[in-house]
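Asks: 3D model of this:
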Amino acid sequence: MLEPNYVLGLVDGEGSFYVRINDHKRRAKIELKFSLKLRHQDRHILEELQRFFGCGKIYIQRDGRINHSLCYRFEVNNKKELFEKVNPFFEKNPPLLPSRKRDFDLFKEICELLKSGSQDFEKIQSLKALMHWGSPYTGKPSVRWEREVTPSSENAMPVKPPE
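Replies: Just a heads-up that it's a prediction; the model follows:
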């Protein structure tokens, strides 16, 4: 059985909280997903993760790009399972990586809006746009990254500019 701290390490390194909005003419559909992808040699870890949460499915993910190997993805997209199993775990054991914790907090807020029956799609879209630091997949322009040089190091580190 996996330990909670091990699960947190996996999620900090390879996990994702994802929200997709399909804006159909008649009705918008909001999809929620928690996923984690590992190389095919580590599929057994995803099976342990599935047992740990007591939900989710494992999918094969082929990648034809050079230097990319066959992977498997553990995924939970059932809202009830997210609300009752995944979110409570991360509420009790928040991700350690600040960016992952921020994404979970936004994800959880969107989940709570949907669970309460909210139809405020503008609010959901604005919360979604804040996830993943404004990556191209959010529908908002990527965040401009700058390089910060510290006196103690000649190597520059990318930092997110203040908002």
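
Asks: from the contact counts, what lies against the lengthiest helix in the chain?
Replies: Counting residues, the longest helix found in the chain (DSSP state H) is helix 98-115. Other helices and strands packing on helix 98-115, by 3 or more Cβ pairs under 8 Å, 6 or more residues apart in numbering; DSSP states H and E, are strand 15-23, strand 28-39, helix 79-81, helix 87-92, helix 121-130. Any C-beta I mention is one placed from the backbone N, CA and C, and that applies to glycine too.

Asks: and the third one, what's its mean pLDDT?
Replies: Average pLDDT, helix 79-81: 97.

Asks: likewise the first one?
Replies: Confidence over strand 15-23 (mean pLDDT, whole number) is 90.

Asks: heads up, I number from 892, so please use that
Replies: Understood, numbering begins at 892; the last thing we discussed is strand 906-914.

Asks: now do the same contact list for the closest residue to residue 907 other than its chain neighbours.
Replies: Residue nearest to residue 907 in three dimensions, not counting chain neighbours: residue 926, with 5.2 Å by Cβ to Cβ, 6 or more residues apart in numbering. Residue 926 is in contact with 906, 907, 909, 964, 965, 966, 967, counting by Cβ atoms under 8 Å, 6 or more residues apart in numbering.

Asks: identify the bridge partners of residue 926.
Replies: residue 907, residue 966 (DSSP bridges).

Asks: where does the protein have low pLDDT?
Replies: 916, 1025-1054 (pLDDT under 70).

Asks: follow-up on the earlier one: which one of the contacts of residue 926 has the most neighbours?
Replies: residue 965 (26 neighbours; other Cβ atoms under 10 Å).

Asks: for the closest residue to that residue other than its chain neighbours, give its distance to residue 1024.
Replies: Distances taken as Cβ to Cβ, 6+ apart place residue 937 nearest to residue 965, at 4.2 Å, with adjacent residues excluded. Residue 937 sits 26 Å away from residue 1024, going by Cβ to Cβ, to the nearest Å.

Asks: same drill for these two, tell me which one is more crowded.
Replies: residue 937 (23 against 13).
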